[in-house]
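Q: just coords:
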Ligand SMILES: Cc1cc2nc3c(=O)[nH]c(=O)nc-3n(C[C@H](O)[C@H](O)[C@H](O)COP(=O)(O)O)c2cc1C
């Protein structure tokens, strides 16, 4: 595939539980031949969640993508969240789609209300104003009224609200099975359907295995 036809994706990671979802997303994007480049932006709380949940310590920011994936990376470029003047803060930057995974209620609130005071929120704001795909993988439970209203506002402004809720119809055996299926559904939303995604055919996976 020529580079001009490949996707450029921004991944925002915030301080909601589910750092493993961000890790899987980055791994699948890194190995996807249809993707040219991935801009990664992590909030301060997102960085903390990488440490709390995956033991990935903060250090030299440039090395963060390789620390997350556990090997050298080719397509992932990390941008400082405080740099609201980075390339992706402008609609003139050729980004095709953005995923915020996981998306905290704080960042959801910022995006839903146009408060672009960090790069994750500004880059998301740009996706909405340019009519490009923005997927918000919101995570909290239970939701309060403010969360629900913010989800509605963001959805009405053009975002896809994709709560980090696993499916169970594919007979998952491991946490990785649950995470992979969810992330594959997220990537399908940005036009990158994955071969490993289980597709419901009207028959359960267990019945298919026995047949
Ligand atoms: C271990 C841990 C888990 C958290 N989980 C969530 C969560 O699932 N959802 C959420 O909205 N906030 C969660 N928070 C709180 C957010 O990190 C906090 O509101 C933060 O200010 C969000 O900032 P950000 O949107 O800039 O990342 C969690 C915090 C910690 C330390």
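A: Sure thing, it's come through. Model, not experiment: these values are computed from the prediction.
Q: Could I get the average pLDDT for stretch 195-205?
A: For stretch 195-205, mean pLDDT rounds to 80.
Q: Residue 121 touches residue 110, doesn't it?
A: Yes: between residue 121 and residue 110 a contact is recorded at 4.1 Å, counting by Cβ atoms under 8 Å. Where you see a C-beta, it was placed from the backbone N, CA and C, and this is true even at glycine.
Q: Give me the residues contacting the lengthiest helix in the chain.
A: Looking across the chain with DSSP state H, the single longest helix is helix 175-189. With contact meaning Cβ atoms under 8 Å, 6 or more residues apart in numbering, helix 175-189 is reached by 20-21, 24-25, 28-29, 32, 99, 101, 133, 135, 137, 160, 162, 164-168, 170, 172, 193-194, 196-198.
Q: Mark which of those are buried, thanks.
A: 20-21, 24-25, 28-29, 32, 99, 101, 133, 135, 137, 160, 162, 164, 170, 172, 198 (16 or more other Cβ atoms under 10 Å).
Q: buried residues in the longest helix of the chain?
A: So for helix 175-189, counting by 16+ other Cβ under 10 Å, buried means 177-187, 189.
Q: Next up, the contacts around residue 72.
A: Neighbours of residue 72 in contact, by Cβ under 8 Å, 6+ apart: residue 66.
Q: Confirm that it sits in a helix.
A: No: counting by DSSP: H, G, I helix; E, B strand; the rest coil, residue 72 is not part of a helix but coil.
Q: mind starting the numbering at 39 from now?
A: Sure, I'll start numbering at 39, so the last one becomes residue 110.
Q: roughly how far apart are the nearest residue to residue 107 once chain neighbours are set aside and the ligand?
A: Closest residue in space to residue 107, ignoring its immediate chain neighbours: residue 65 at 5.7 Å, by Cβ to Cβ, 6 or more residues apart in numbering. Distance of residue 65 to the ligand, given as Cβ to the nearest ligand atom, to the nearest Å: 21 Å.
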